[in-house]
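Engineer: Give me the fold of what follows.
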Amino acid sequence: MESHRRSIAKAVSYRIFASVLTCLIAWALTGKLAVGLQIGLLDGVTKLFGYFLHERVWARIQWGRPKAPEYEI
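Structural biologist: Coordinates of the predicted model:
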């Protein structure tokens, strides 16, 4: 199972990347840098928390994980 710190680090790094892309797309569509930055920031903050919660839920789901051996030496 991944630690909470690792899930947070993954969520933050992904959100920075994705928010920059969102900002660039919004800027390209509106032609206004300020609007692009606002949309990118709002998108990043809300989805950061959503991604973290999604990761923590999946950390509790056992489906698809290999089973631990019954006996180890």
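
Engineer: Poorly predicted segments of the chain, please.
Structural biologist: Within the chain, the set of residues satisfying pLDDT under 70 is empty.

Engineer: ok, now with 80
Structural biologist: 1-2, 11, 48, 72-73 (pLDDT under 80).

Engineer: if you go through it in chain order, where are the strands?
Structural biologist: Along the chain, counting by DSSP state E, no stretch forms strands.

Engineer: which residues of it fall in helices?
Structural biologist: Taking DSSP state H as the criterion, the chain contains helices spanning 4-30, 33-60.

Engineer: can you list those helices in a markdown table and add distance to residue 73 and mean neighbour count?
Structural biologist: C-betas here are computed from N, CA, C, even on glycine. Output for these, formatted as a markdown table (distance: least, CB to CB, whole Å; neighbours: other CB atoms under 10 Å):
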| stretch | distance to residue 73 | mean neighbour count |
| --- | --- | --- |
| helix 4-30 | 29 | 14 |
| helix 33-60 | 28 | 14 |
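
Engineer: For residue 68, find the nearest of the ones you listed.
Structural biologist: Proximity of these to residue 68 was assessed by CB to CB; the nearest stretch is helix 33-60, lying at 15.7 Å.

Engineer: Give me the helices and strands touching that closest one, please.
Structural biologist: Packing partners of helix 33-60 (3 or more CB pairs under 8 Å, 6 or more residues apart in numbering; DSSP states H and E): helix 4-30.

Engineer: by contact count, what packs against the helix it packs on?
Structural biologist: With contacts defined as 3+ CB pairs under 8 Å, 6+ apart, the packing partners of helix 4-30 are helix 33-60.

Engineer: from the chain's centre, how far out does the helix it packs on sit?
Structural biologist: 6 Å (CA atoms, centre = their mean, to the nearest Å).

Engineer: got the helices of the chain as CSV, with distance to residue 72 columns?
Structural biologist: Below are these laid out as CSV (distance: least, CB to CB, whole Å):
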stretch, distance to residue 72
helix 4-30, 24
helix 33-60, 23
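
Engineer: ok, residue 2 to residue 10 distance?
Structural biologist: When distance is defined by CB to CB, to the nearest Å, residue 2 is 8 Å away from residue 10.
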